[in-house]
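J.: the following block contains a protein sequence and its predicted model.
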Number of protein chains: 10
Amino acid sequence: MSDVITAIVQIDCGTDAVTTAANALANVAGVAEVYSVTGRKDLIAILRVPHLDSVADVVTTKILRIPGVVNTQTQLAFRVHATRGADRESIDDVPESTTGVPEPAIR
Amino acid sequence: MSDVITAIVQIDCGTDAVTTAANALANVAGVAEVYSVTGRKDLIAILRVPHLDSVADVVTTKILRIPGVVNTQTQLAFRVHATRGADRESIDDVPESTTGVPEPAIR
Amino acid sequence: MSDVITAIVQIDCGTDAVTTAANALANVAGVAEVYSVTGRKDLIAILRVPHLDSVADVVTTKILRIPGVVNTQTQLAFRVHATRGADRESIDDVPESTTGVPEPAIR
Amino acid sequence: MSDVITAIVQIDCGTDAVTTAANALANVAGVAEVYSVTGRKDLIAILRVPHLDSVADVVTTKILRIPGVVNTQTQLAFRVHATRGADRESIDDVPESTTGVPEPAIR
Amino acid sequence: MSDVITAIVQIDCGTDAVTTAANALANVAGVAEVYSVTGRKDLIAILRVPHLDSVADVVTTKILRIPGVVNTQTQLAFRVHATRGADRESIDDVPESTTGVPEPAIR
Amino acid sequence: MSDVITAIVQIDCGTDAVTTAANALANVAGVAEVYSVTGRKDLIAILRVPHLDSVADVVTTKILRIPGVVNTQTQLAFRVHATRGADRESIDDVPESTTGVPEPAIR
Amino acid sequence: MSDVITAIVQIDCGTDAVTTAANALANVAGVAEVYSVTGRKDLIAILRVPHLDSVADVVTTKILRIPGVVNTQTQLAFRVHATRGADRESIDDVPESTTGVPEPAIR
Amino acid sequence: MSDVITAIVQIDCGTDAVTTAANALANVAGVAEVYSVTGRKDLIAILRVPHLDSVADVVTTKILRIPGVVNTQTQLAFRVHATRGADRESIDDVPESTTGVPEPAIR
Amino acid sequence: MSDVITAIVQIDCGTDAVTTAANALANVAGVAEVYSVTGRKDLIAILRVPHLDSVADVVTTKILRIPGVVNTQTQLAFRVHATRGADRESIDDVPESTTGVPEPAIR
Amino acid sequence: MSDVITAIVQIDCGTDAVTTAANALANVAGVAEVYSVTGRKDLIAILRVPHLDSVADVVTTKILRIPGVVNTQTQLAFRVHATRGADRESIDDVPESTTGVPEPAIR
């Protein structure tokens, strides 16, 4: 079993290209997760690749060539402190919220 | 089966608190993955939580109170385009690199 | 009664497209309020939507496709601390100003 | 009936003061809504006040003096393009999402 | 006598449009002063208008439509602390400089 | 009659020092106008001084020494394109607003 | 003998226009020195002019109209603390370096 | 033996020009190392040149004219504190990692 | 006759230390000119030194150790395009201003 | 022979700690080169390490704990396009400069 290298890629898209770019990203080998996100960037792709050099393949020769992708910014994980993943047990651990005002009910 | 909400939290730490803060993060319910990363930020935590309100619990009442955490910036995923996760099949899909100069061998 | 999710969307427009973009925004389902604002951005839209996923519908497939909209930046409310709204009682609570020099009368 | 002036105030808090500051904000006359939000800022307060000068009262003499508030940045609405508010009709208008991958079910 | 609302508008122009844009600004009702200024911006316009809504008229429908104006950023005065204006008395109050080296005489 | 040099000084204050700093500014010779403003900065002071060197006197030896002033950023006007000032005629020139939705009446 | 006003102008150029823009700058009256510099900007021009208004002439009507100049940012000296110039005596005052590792000799 | 001057040049490329620009850089005299890197920039080139003026030759007349290079930012080393280079001895000195969670094995 | 290397150093000072820091700078060998300047920075020092390594001596071991100096940012000139200096001839070349409104006379 | 991973670390130091921090850096295993550099940062360290995880060891547990180091920003090379190093041949390739004005001789 070889290790996996994780990278978080922040992606800017043309205003009318977010969905098409997201769909293309979802089909790139090495791209594990793709989300529309809040904030200045349009999309985040989470990469899981076997080698450091694969990051270049995925970012430079795949992602940057997707129509509508305008800019990328890569953060590479050089140390893993926890990787529990999204399994049932860890999600159920999160207690119901106790603080804050209940969402404004829609009347 | 309820849905899971994903958030990416960028974290600044005090210069001598990165490792202790990372270890504390790894034990917070709702925090699925914690990495030391390249770039301006020290750590990235990937949250997997059942409710929008849980994001506040995890970020405001847990992460922000970890000694050594100086600042956080949360990006919340409001649309999922792909979630293959880091399984064998998707990692092996990533072809060996063909471009670029081989790493400088250490003589 | 289901909860409502609030998001604040900061919007950049082309220099001669602010008013037309604002009028188009005002007709998008899920957009509750639209303002011309001070600062670097041209417009702010306040969204009130039933589901997290609706944020993507409104921002990605509606707002970003309005002619003249150049860029958006979304801040999503993940905890409600107060939602009094703009009713008579809360507005009248605001006392008349006591400090500061009276506005320069126009002679 | 006099008009209401709307302002959006972005607020930075000390790391362990977000919840206490939010609760204090909720009790300030003129503050209509308070949220924990994604992004660089900790809180957003939406002000609804009767006079331009009241913005100074609320921001300078109230909000800036709440323990734990470190910095504020005010965007004032100088033109209203839409104010439907969060009533039943406008929220129901938002159609169910059609694009994007269903949230990853928690197994 | 009604009050006057003051706003400071920072303006970016195309490189060869600063003078023509400045001259056009000088003829816009509500624009009291126009300067070429140091720093990142090309021009500053100081607005004196009777109503909050007039700020939108002057900025959105006049200034932003002047050929060569690329971007504007508006700071609105929501409290007046002093408005002595540039009359003889206040200018003469400014004492001759005592510190610093005399300007290098041109030999 | 000598010329007057205009400078716009953006001022950051400590959170609880805005009003006291503003009052102190109002008494500095050469400071013509002082406002609380929207945006990242707390105050704007408009200087009207007879000599370039006076800008240093007012900014460096007066404003920067006012308790509560944390930072200043000076923009100096090196060309005057218009100086109508805030007299009756120019203010009345500004037509009543025609676009935008009337402010939400408070019911 | 009249005083001289000094201004430092940071200049962005088109990627293939740095040398031609620099040569054109060198021939503008009032431009005393022109350098290619490290950092984000391509060129720095140091202006020595007799009047404040000349800064506008040189920057707005000369520099900004040089082909290949994309953006300028002007810092104006409003107080002189020292102007020794680059004469023999002051340069020789600078002692030989004592700290730091000798430059890596090229073998 | 003359000294060598080291400079680190951060390079932005057009989205589909990173690899071609990198290959062209690799053939420029004075460019010792070229990498695709994490972060906002696409490439880093490390220059080793004999004279300060050579930096201008390499950056201004070579690198900036490579098709696909959009922007450069140069940091010049003005003091050398250590230059061990990448020889066998210094690399082997780096102990095996003791902290952090082992990379997530791919199942 | 050896060449001279020019560097422009932007300097941040503590709010009440600008004048004392400027005076100390004026006495540092290698510092040719010191100005209070407009913009975000407090002071600019222009260095004229004989060797690249002297830049480190002047910046790191002299300027950074002046009480009240908080931060420096050095731009080094790696190519000279013009160095006319501030002699009589070049200053007189600058024609009287023809555009812009005459400064507002002080009545 | 194993591959070497290269990382460029930008380092901020306390104003009076640059030289001591640089000397400490020079003794850290894995740090190949250390320079005082122009620009906003004080130092650049070039790392040559055998494993991705070693980057965390060197940055987090060594560099960040050096007294006087205030902040670091790591750019990791994920593709090598050229590594000629600073040998005789490549340095001599750099032709004598042909453009630009000769440095101002010191009279």
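T.: On my side now, so go ahead. All values reported here derive from a predicted model rather than from experimental measurement.

J.: next, the contact list for the closest residue to A:Gly68 other than its chain neighbours, please.
T.: Nearest residue to A:Gly68 in three dimensions, chain neighbours excluded: A:Ala17, at 2.5 Å (C-beta to C-beta, 6 or more residues apart in numbering or on different chains). To be clear about C-beta, it is placed using only N, CA and C from the backbone, and glycine gets the same treatment. Going by C-beta atoms under 8 Å, 6 or more residues apart in numbering or on different chains, A:Ala17 touches A:Pro67, A:Gly68, A:Val69.

J.: correct me if wrong: A:Phe78 contacts B:Val37.
T.: Yes - proximity of A:Phe78 to B:Val37 meets the contact threshold set by C-beta atoms under 8 Å, at 7.0 Å.

J.: hmm, back to that, are any of the contacts of A:Ala17 buried, and if so which?
T.: A:Gly68, A:Val69 (16 or more other C-beta atoms under 10 Å in any protein chain shown).

J.: is stretch A:51-60 up against chain H anywhere?
T.: Yes - applying C-beta under 8 Å from any C-beta of the partner chain, one finds stretch A:51-60 touching chain H at A:Ala56, A:Val59, A:Thr60.

J.: list the buried residues in the lengthiest strand in chain A.
T.: Counting residues, the longest strand in chain A under DSSP state E turns out to be strand A:69-83. The neighbour-count check on strand A:69-83 (16+ other C-beta under 10 Å) flags A:69, A:72-83 as buried.

J.: pLDDT and distance to chain G for these - can I get that in JSON lines?
T.: Conversion of the buried residues of strand A:69-83 to JSON lines gives the following (pLDDT from 0 to 100; distance: C-beta to the nearest C-beta, whole Å):
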{"residue": "A:Val69", "pLDDT": "97", "distance to chain G": "22"}
{"residue": "A:Thr72", "pLDDT": "97", "distance to chain G": "20"}
{"residue": "A:Gln73", "pLDDT": "97", "distance to chain G": "17"}
{"residue": "A:Thr74", "pLDDT": "98", "distance to chain G": "21"}
{"residue": "A:Gln75", "pLDDT": "98", "distance to chain G": "22"}
{"residue": "A:Leu76", "pLDDT": "98", "distance to chain G": "24"}
{"residue": "A:Ala77", "pLDDT": "97", "distance to chain G": "29"}
{"residue": "A:Phe78", "pLDDT": "95", "distance to chain G": "27"}
{"residue": "A:Arg79", "pLDDT": "95", "distance to chain G": "30"}
{"residue": "A:Val80", "pLDDT": "95", "distance to chain G": "35"}
{"residue": "A:His81", "pLDDT": "95", "distance to chain G": "34"}
{"residue": "A:Ala82", "pLDDT": "91", "distance to chain G": "37"}
{"residue": "A:Thr83", "pLDDT": "91", "distance to chain G": "38"}
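
J.: any chance of CSV for the residues you listed, columns distance to G:Ala26?
T.: Formatted as CSV, the buried residues of strand A:69-83 follow (distance: C-beta to C-beta, whole Å):
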residue, distance to G:Ala26
A:Val69, 41
A:Thr72, 39
A:Gln73, 38
A:Thr74, 41
A:Gln75, 43
A:Leu76, 44
A:Ala77, 49
A:Phe78, 47
A:Arg79, 51
A:Val80, 55
A:His81, 55
A:Ala82, 59
A:Thr83, 59
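
J.: that older thread, near chain D at all, the longest strand of chain A?
T.: No - using C-beta under 8 Å from any C-beta, strand A:69-83 never reaches chain D; the gap is at least 15.5 Å.

J.: quick one: that strand to strand J:69-83, angle?
T.: For strand A:69-83 against strand J:69-83, the angle by axes from the mean of the first three to the mean of the last three C-alpha atoms, to 10 degrees is 120 degrees.

J.: where's strand A:69-83 relative to the chain centroid, distance-wise?
T.: 9 Å (C-alpha atoms, centre = their mean, to the nearest Å).

J.: next one: stretch A:39-48
T.: 5 Å.

J.: is that stretch anywhere near chain C?
T.: Yes - contact of stretch A:39-48 with chain C (C-beta under 8 Å from any C-beta) involves A:Gly39, A:Arg40, A:Asp42.

J.: for J:Leu52, see how far away the residue of chain A found nearest chain H is.
T.: Per C-beta to the nearest C-beta, A:Asp3 is where chain A lies closest to chain H, at 3.2 Å. Separation of A:Asp3 from J:Leu52 (C-beta to C-beta, to the nearest Å): 9 Å.

J.: distance to chain I added to the buried residues of strand A:69-83, as a markdown table?
T.: Listed next are the buried residues of strand A:69-83 as a markdown table, based on distance: C-beta to the nearest C-beta, whole Å:
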| residue | distance to chain I |
| --- | --- |
| A:Val69 | 33 |
| A:Thr72 | 28 |
| A:Gln73 | 23 |
| A:Thr74 | 26 |
| A:Gln75 | 25 |
| A:Leu76 | 28 |
| A:Ala77 | 31 |
| A:Phe78 | 28 |
| A:Arg79 | 30 |
| A:Val80 | 35 |
| A:His81 | 32 |
| A:Ala82 | 36 |
| A:Thr83 | 39 |
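
J.: thinking again about what came up before, nearest to chain F among the contacts of A:Ala17?
T.: A:Val69 (31.0 Å).

J.: ok, now which ones touch the closest one?
T.: Counting by C-beta under 8 Å, 6+ apart, the residues that A:Val69 touches are A:Ile11, A:Asp12, A:Cys13, A:Ala17, A:Ala21, A:Ile63, H:Thr15.

J.: can I get those residues in TSV with pLDDT?
T.: Formatted as TSV, these follow (pLDDT from 0 to 100):
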residue	pLDDT
A:Ile11	98
A:Asp12	97
A:Cys13	97
A:Ala17	96
A:Ala21	98
A:Ile63	97
H:Thr15	94
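
J.: TSV for these, including secondary structure and distance to H:Ala29?
T.: Below are the contacts of A:Val69 laid out as TSV (DSSP: H, G, I helix; E, B strand; the rest coil; distance: C-beta to C-beta, whole Å):
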residue	secondary structure	distance to H:Ala29
A:Ile11	strand	36
A:Asp12	strand	35
A:Cys13	strand	38
A:Ala17	coil	40
A:Ala21	helix	39
A:Ile63	helix	32
H:Thr15	coil	28
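
J.: most surrounded residue in those?
T.: A:Ile11 (26 neighbours; other C-beta atoms under 10 Å in any protein chain shown).

J.: for that one, name its beta-bridge partners.
T.: In this entry, A:Ile11 is beta-bridged to A:Leu43, A:Thr72, by DSSP bridges.

J.: what's the most distant pair in the contacts of A:Val69?
T.: Pairwise distances across these (C-beta to C-beta) peak at 13.1 Å, for the pair A:Ala17 and A:Ile63.

J.: hang on, the earlier thing: quick one, which of A:Asp3 and J:Leu52 is more surrounded?
T.: When A:Asp3 and J:Leu52 are compared for neighbours, J:Leu52 comes out ahead with 22 against 16, by other C-beta under 10 Å.

J.: distance of the nearest residue to the more buried one once chain neighbours are set aside relative to J:Ile63?
T.: Nearest residue to J:Leu52, sequence neighbours excluded (C-beta to C-beta, 6+ apart): A:Phe78, at 5.2 Å. Distance, A:Phe78 to J:Ile63, by C-beta to C-beta: 13 Å.

J.: try A:Leu76
T.: 17 Å.

J.: repeat that for A:Asp57.
T.: 29 Å.

J.: now A:Arg40
T.: 29 Å.

J.: helices of chain A, start to end?
T.: Remark: helices assigned in chain A by DSSP state H are A:18-25, A:52-56, A:88-92.

J.: just checking, what packs against the second one?
T.: Translated: helix A:52-56. strand A:5-13, strand J:69-83 (3 or more C-beta pairs under 8 Å, 6 or more residues apart in numbering or on different chains; DSSP states H and E).
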